[in-house]
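Asks: Next one to model:
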Amino acid sequence: MSGTAEVTEGPNVMAAYGDAIAKAAAEAHVGPRDEMGERLVRTFLSLWENPELRPRLLEVVRSAVTGGPGADQMRAFMSSQLFGQVGENLNDAPMDMEQAAQELKVKPLNINAAAAQVWGVIVLRYILNIEPIASASTEEIVELLGPTIQRYLVG
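Replies: Numbering: from 1, shown residues only. Purely as a prediction, here's the structure:
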């Protein structure tokens with residue numbers, strides 16, 4: 001698929017799957033706070049393990065990491081649209097990253113750090129196919145990454 005087609009389809013993919021990602025993040029927020037990191041990692045990996053969603057999500061990420069309009073679309077999604085949708089799923093009111101950080105009682109930088117960890121795994125596992133993370137079980141990744149995400153989002 002050409003770069004132009006990817007960029008053109010990017011917003012459509014983000015619109016189509018943004019709500020699923022936001023619901024996943026909201027679901028991870030519901031439940032015992034001491035299990036939030038594990039729930040968040042497990043929930044996001046379940047989206048990427050879905051054979052119907054993965055090709056479209058890969059298009060978006062590939063477009064984003066090449067810069068230009070794809071990066072702009074991902075930046076807008078990650079910095080505002082995602083948190084607005086998470087807020088709607090949690091309490092029917094959109095929120096931004098600052099409000100999400102207040103809700104979690106952490107600094108916004110902690111949210112960025114958690115996202116960086118998750119996106120790093122996604123790039124290594126699903127785009128670059130680097131072993132051993134590419135063939136690790138979901139449970140292995142959850143056990144490894146969950147405590148780090150927990151520390152960033154809960155303390």
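Asks: OK, contacts around Leu124?
Replies: 130, 133-134 (CB atoms under 8 Å, 6 or more residues apart in numbering). For every residue, glycine as well, the C-beta is placed using N, CA and C.
Asks: Just say helix, strand or coil for Gln150.
Replies: helix (DSSP: H, G, I helix; E, B strand; the rest coil).
Asks: Roughly how far does the closest residue to it other than its chain neighbours sit from Trp119?
Replies: Distances taken as CB to CB, 6 or more residues apart in numbering place Gly37 nearest to Gln150, at 3.0 Å, with adjacent residues excluded. Remark: distance between Gly37 and Trp119 (CB to CB, to the nearest Å) = 15 Å.
Asks: closest to Ala26 among the contacts of Leu124?
Replies: Nearest to Ala26 out of the contacts of Leu124 is Ile133 (CB to CB; 26.4 Å).
Asks: picking that back up, list only those of the contacts of Leu124 flagged as buried.
Replies: Ile133 (16 or more other CB atoms under 10 Å).
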